[in-house]
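Q: sequence and predicted structure below; questions after.
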Amino acid sequence: MALASGVRFAPRALLRPWALLRGTTLGRTEPAAGGGGDGARRFGSQRVLVEPDAASGVAVMKLRNPSNALSLELLTELVISLEKLENDKTFRGIILTSDCPRVFCAGLDLTEICGRNPAHCAEYWKAMQELWLRMYLSSLVLVAAINGACPAGGCIIALSCDCRVLADNPKYRIGLNETLLGIIAPFWLKDTYVNTIGHRASEQALQLGSLFPPAEALQVGLVDQVVPEDQVQSTALSEMARWLAVPDHARQLTKNMMRKATADRLLRQRDADTQNFVSFVCRDSIQKSLQAYLEKLRQRKG
Ligand SMILES: CC/C=C\CCC/C=C/C(=O)SCCNC(=O)CCNC(=O)[C@H](O)C(C)(C)COP(=O)(O)OP(=O)(O)OC[C@H]1O[C@@H](n2cnc3c(N)ncnc32)[C@H](O)[C@@H]1OP(=O)(O)O
């Protein structure tokens, strides 16, 4: 954890993301539309597309999974793409957005925890912790360009960024709705919420499982800007420019000062948090309610 100019304070060796890669296609590089030099080369995987712009030092990272549900593969590919950009000194910022119409991120992929054995649930939850830790402590500026629905785990991905721009569409709601599914947000999701919108607002929103439409999300402080859908990317770029105007080392050390205690809390209790998650989601009653919820989602379609 060097702390100097160009610092990288994210705990890199928390877990070996490569070990999680199972038949993914990560690492492919392809020329961006229109060709160009190295700065215009996309890279990524089946589920994450990275469009780097070396000239500005900003990369756009697009999620492209069905509903962008956080499958184990998507979590792994996100960690690897993030690590790749962090290790390349050309890049100072990432805009995270969705390539999937109407959905930024549907949260945990419920098929990863429904009808699975405890070992799989544990592997899955560790990957979720890993992504959150890396994003929350990233030395890069992360701006979420939220162009779709953003419930539960999706909200946590957005809250791990430094700044959030949400498209002004009443269907694009954001929040931690876990209680409505009969599950409980773990302490580090709660801490991230409290750090963003304060204790009282979190207390209400977490218990009620509130999903906020754009104007309310702005009012409560869950997002920083709400703009027409066709201006989400340009606004995210303007926000990025504002954050990048600050010298890296000062901004990075300040970010670390603000976030480290929250991340350390999880790091200290990571195994216990995993065990807690596994024993909770593997309960018969929880399995039944998750299964029923998944079924409802599937039937709602069409
Ligand atoms: C002790 C601690 C315990 C737990 C802590 C856990 C913390 C985090 C929890 C979570 O993240 S739980 C997941 C919460 N997510 C949701 O409630 C969102 C559910 N999905 C939706 O509301 C909608 O799908 C949508 C995201 C708003 C998108 O709507 P749209 O109409 O565009 O798509 P559709 O509903 O038709 O779905 C398409 C397709 O995707 C499947 N799907 C959707 N979400 C999930 C999901 N989270 N996991 C798995 N699969 C999901 C849906 O079933 C459809 O599948 P199909 O094409 O096979 O029919």
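A: On my side now, so go ahead. Residues are numbered from 1 along each chain as shown.

Q: quickly find the element holding Val226.
A: Here Val226, judged by DSSP states H and E, is contained in strand 225-227.

Q: now for the helix or strand following that strand, which elements pack on it?
A: Using DSSP H and E, the helix or strand that follows strand 225-227 in sequence is helix 232-244. Other helices and strands packing on helix 232-244, by 3 or more CB pairs under 8 Å, 6 or more residues apart in numbering; DSSP states H and E, are strand 58-63, strand 93-98, strand 141-146, strand 163-167, strand 225-227. Heads up, the C-betas are built off the backbone N, CA and C, glycines and all.

Q: if you average pLDDT over the fourth one, what comes out?
A: Summarised as a single mean, pLDDT over strand 163-167 is 98.

Q: can that strand be said to contact the ligand?
A: No. Strand 163-167 lies apart from the ligand when judged by CB under 6 Å from any ligand atom; the minimum separation is 13.6 Å.

Q: name the helices or strands packed onto that strand?
A: The helices and strands touching strand 163-167, judged by 3+ CB pairs under 8 Å, 6+ apart, are strand 141-146, helix 214-220, strand 225-227, helix 232-244.

Q: which of those sits closest to Glu178?
A: helix 214-220 (17.0 Å; CB to CB).

Q: can I get that closest one in PDB, CA atoms only?
A: Extracted C-alpha coordinates of helix 214-220, given in PDB (Å, rounded to 0.1, in the frame of the first residue of the first chain):
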ATOM      1  CA  PRO A 214     -34.800   9.900  -9.300                       C
ATOM      2  CA  ALA A 215     -36.000  13.200  -7.700                       C
ATOM      3  CA  GLU A 216     -36.200  11.500  -4.300                       C
ATOM      4  CA  ALA A 217     -32.800   9.800  -4.800                       C
ATOM      5  CA  LEU A 218     -31.400  13.300  -5.400                       C
ATOM      6  CA  GLN A 219     -33.100  14.800  -2.400                       C
ATOM      7  CA  VAL A 220     -32.000  12.100   0.000                       C
END
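
Q: may I see the buried residues of that helix?
A: For helix 214-220, the neighbour count (16 or more other CB atoms under 10 Å) marks 214, 216-218, 220 as buried.

Q: elements contacting that helix?
A: In terms of contacts (3+ CB pairs under 8 Å, 6+ apart), helix 214-220 is packed against strand 163-167, strand 225-227.

Q: with mean neighbour count added, can I get the ones you listed in JSON lines?
A: Listed next are these as JSON lines, based on neighbours: other CB atoms under 10 Å:
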{"stretch": "strand 163-167", "mean neighbour count": "26"}
{"stretch": "strand 225-227", "mean neighbour count": "19"}
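
Q: got JSON lines for those, with distance to Leu137 too?
A: Below are those laid out as JSON lines (distance: least, CB to CB, whole Å):
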{"stretch": "strand 163-167", "distance to Leu137": "16"}
{"stretch": "strand 225-227", "distance to Leu137": "24"}
